[in-house]
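**Q** Can you look at this prediction? I've put the sequence above it.
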Amino acid sequence: IGGITELSPPAARALAAFRGDLALPALTTLPLELAGTLAAHRGSLSLDSVDALSADAAAALAAHEGDLFLGGIEGLSTAAAEALASAPGALVLPNLTTVTPAGAAALVRREALVVLDALQGLERITASSVAELLVAGCDDIVLANVASLDGPEAEAIARALAATRGGLALPVLARITPRALEALQAKPGVELPPVEDLELLPEPAAPAAIVPAP
């Protein structure tokens, strides 16, 4: 329903009673009360202009039993991601580019479909949970902006990426740790720059052992 930028409680309840696919492309904000009302709708729910979602609104919206399309969301807090992860239907976040490691881990644990096309535009991946989320949300992974794979989770990130069932490409990769490179090379058909063009970085130091006080 185009043109609707805000909804009164009676109007929201009337729309929620409609059975079938419901799209509100001009709605830009989703306060808690409205999220709870729309969650009662049966059918897919598209809110592609809502660009921010509080943790409470996300929790309310997650009660919706159909597919959720949230094309305006570019970032999620940990609490909001954890709340949305419980949504039973497909969760389509095509423009999500910012998610915390803990939020990513929660979304990875979902059993239902999650779609995260824009997450491939990341310039840096620092947590294996984000890599696992990429694998869960994208069929073929092309990390066109990732130039470095380093840090304490580099190998775990590489192993997670290599586990994708689709294609994997890192066309601008320039710096990587040796063990991470080995993990990527284990993926059949992986597309990487020539190995001789890569700068091999030192492996991250192991955490120092904690010696109990005598």
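**A** Cool, got the structure.

**Q** what's the first-to-last distance across stretch 142-160?
**A** 14 Å (CA to CA, to the nearest Å).

**Q** do the same with stretch 93-110
**A** Using CA to CA, the end-to-end distance of stretch 93-110 comes to 14 Å.

**Q** Show me what counts as buried in it.
**A** By neighbour count with 16 or more other CB atoms under 10 Å, stretch 93-110 contains the buried residues 93-96, 99-100, 103-108, 110. C-betas here are computed from N, CA, C, even on glycine.

**Q** from those residues, which ones fall inside helices?
**A** 103-108 (DSSP state H).

**Q** unless I'm mixing things up, V190 is touching A169, no?
**A** Yes. Between V190 and A169 there is a contact at 7.3 Å, judged by CB atoms under 8 Å.

**Q** Quick check: neighbours shared by the two?
**A** Common neighbours of V190 and A169, using CB atoms under 8 Å, 6 or more residues apart in numbering, do not exist here.

**Q** Give me the neighbour count for L68.
**A** 22 (other CB atoms under 10 Å).

**Q** and what of A26?
**A** Neighbour count of A26, defined by other CB under 10 Å: 14.

**Q** now swap in the one 3 residues further on and tell me
**A** Residue neighbour count, defined by other CB under 10 Å, stands at 15 for T29.

**Q** Ok, R165 next?
**A** 8.

**Q** okay, it: pLDDT?
**A** pLDDT for R165: 93.

**Q** Likewise for L84?
**A** 97.

**Q** Can we start the residue count at 39 from this point?
**A** All set: I'll call the first residue 39, so the last point we hit is now L122.
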